[in-house]
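>>> need a 3D model of the following:
(one chain, ligands or ions: 2)
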Amino acid sequence: MNPTPTPPRYFVIIPAAGVGSRFSAGKLPAGVDATLPKQYQRVRGQIMLDWAIHAFLEVPDIAAVYVVLAPSDDYFNQYSTFAGAGHPLVKVLRQGGVSRHQSVLNGLQALADMQEQDWVLVHDAARPGLTSALVRRLIASLKEDAVGGLLALPVADTLKRAEDGRAVQTVPREGFWQAQTPQMFRYAALRYALQKMWQEGREITDEASAIEMMGQTPKLVIGSPRNFKVTFSADLVVLDALLTDNLALNGENS
Ligand SMILES: Nc1ccn([C@@H]2O[C@H](COP(=O)(O)OP(=O)(O)OP(=O)(O)O)[C@@H](O)[C@H]2O)c(=O)n1
Ligand SMILES: C[C@](O)(CO)[C@H](O)COP(=O)(O)O
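Ligands and ions are numbered 1, 2, ... in the order given. Predicted structure coming up:
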């Protein structure tokens, strides 16, 4: 008699092994510590990485949160409130790679006792504005989906194609979305897709593109402007303004 399959579980991988080169380039705003990678910059008293971790820990479905650090990272133990005894659900993997793609793939390969149908939510440490409401929205939207998907926002601005700093073409924006994270896919499918892209030397910038290259169509789930990616140092000012208790911005209003 086949054993009763256990229900799929929900695991999180947070790639946090970047160096933040774009963030560190140019003049830094007052109060920014130039020696720290961006995921360790403080906003409203908490480092960006911990903001992201907290959003997941407020969601009961989450079985564990794996933070993928650079092997040489000694910031986490100094600056994260989840260092040391930390939290039973927060685990550190020192398998960061040369790219986000490799860091996520290494993280997936390091997970033990996974079931093929377990869900994996991959979220950038550089997106500290994530809320538990947005995580719950993504899980509710995808848990019965055959493929999985991602938080995203429809493009609202007119799009220009540029050459040498000049607008040479306006690209119709209808049907274009900006991908956010988390991006949520089944463990076996995601690991296979990322591994295949890596073996074929195809650098991908998000998990959904690997799934798309396998011929699947990830579902787009409305995210939030506060869940934007901190890329440049000036983004910290925007983030501080967006870390508000505004229910709509937090994804509380379904
Ligand atoms: N080798 C890498 C590169 C990036 N990331 C993570 O992927 C997320 C999104 O990447 P990005 O915003 O590009 O961060 P950085 O790579 O640090 O920034 P930059 O490209 O400006 O150097 C970040 O949480 C970053 O820490 C990672 O885990 N491993
Ligand atoms: C994954 C991502 O945040 C989706 O928009 C984006 O692709 C990350 O890009 P980055 O260059 O690694 O910041």
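>>> I'd like the average pLDDT over the host helix or strand of residue 185.
Of the helices and strands defined by DSSP states H and E, residue 185 is found in strand 177-186. Within the predicted structure, the mean pLDDT of strand 177-186 is 98.
>>> what about it, near ligand 1?
No. Remark: strand 177-186 sits outside contact range of ligand 1, by C-beta under 6 Å from any ligand atom, the gap being at least 8.2 Å. For glycine as for every other residue, the C-beta is placed from the backbone atoms N, C-alpha and C.
>>> helices or strands up against that strand?
Using 3 or more C-beta pairs under 8 Å, 6 or more residues apart in numbering; DSSP states H and E as the contact criterion, the neighbours of strand 177-186 among helices and strands are strand 119-122, helix 132-142, strand 148-154, helix 207-213.
>>> how far off centre is that strand?
The chain centroid and the centroid of strand 177-186 are separated by 8 Å under C-alpha atoms, centre = their mean, to the nearest Å.
>>> how about it, does it reach ligand 2?
Yes. Among the residues of strand 177-186, 179, 181 lie within reach of ligand 2 under C-beta under 6 Å from any ligand atom.
>>> so which bits of the helix or strand following that strand are buried?
Proceeding C-terminally, strand 177-186 gives way to helix 187-199 as the next helix or strand, assigned by DSSP H and E. Of the residues in helix 187-199, those buried under the neighbour-count criterion (16 or more other C-beta atoms under 10 Å) are 187, 189-194, 197-198.
>>> filter those by proximity to ligand 1?
Counting by C-beta under 6 Å from any ligand atom, no member of these is near ligand 1.
>>> could you tell me which residues of the stretch 51-200 of the chain lie near ligand 2?
Taking C-beta under 6 Å from any ligand atom as the contact definition, the stretch 51-200 of the chain meets ligand 2 at 100, 124, 179, 181.
>>> who wins on neighbours among these?
Each of these was scored by neighbour count (other C-beta atoms under 10 Å); the top score is that of residue 181, with 26 neighbours.
>>> show me the shaky parts of the chain.
Counting by pLDDT under 70, the low-confidence segments of the chain come to 1-2, 245, 247, 253-254.
>>> now with 90, please.
1-6, 26-34, 84-86, 112, 203, 244-254 (pLDDT under 90).
>>> which residues in it form helices?
Shown for the chain, the helices assigned by DSSP state H span residues 21-24, 48-57, 76-79, 100-110, 132-142, 187-199, 207-213, 235-242.
>>> max pairwise distance over the residues of the stretch 51-200 of the chain next to ligand 2: which two?
Taking C-beta to C-beta as the measure, those reach their widest spread between 100 and 179, a distance of 12.6 Å.
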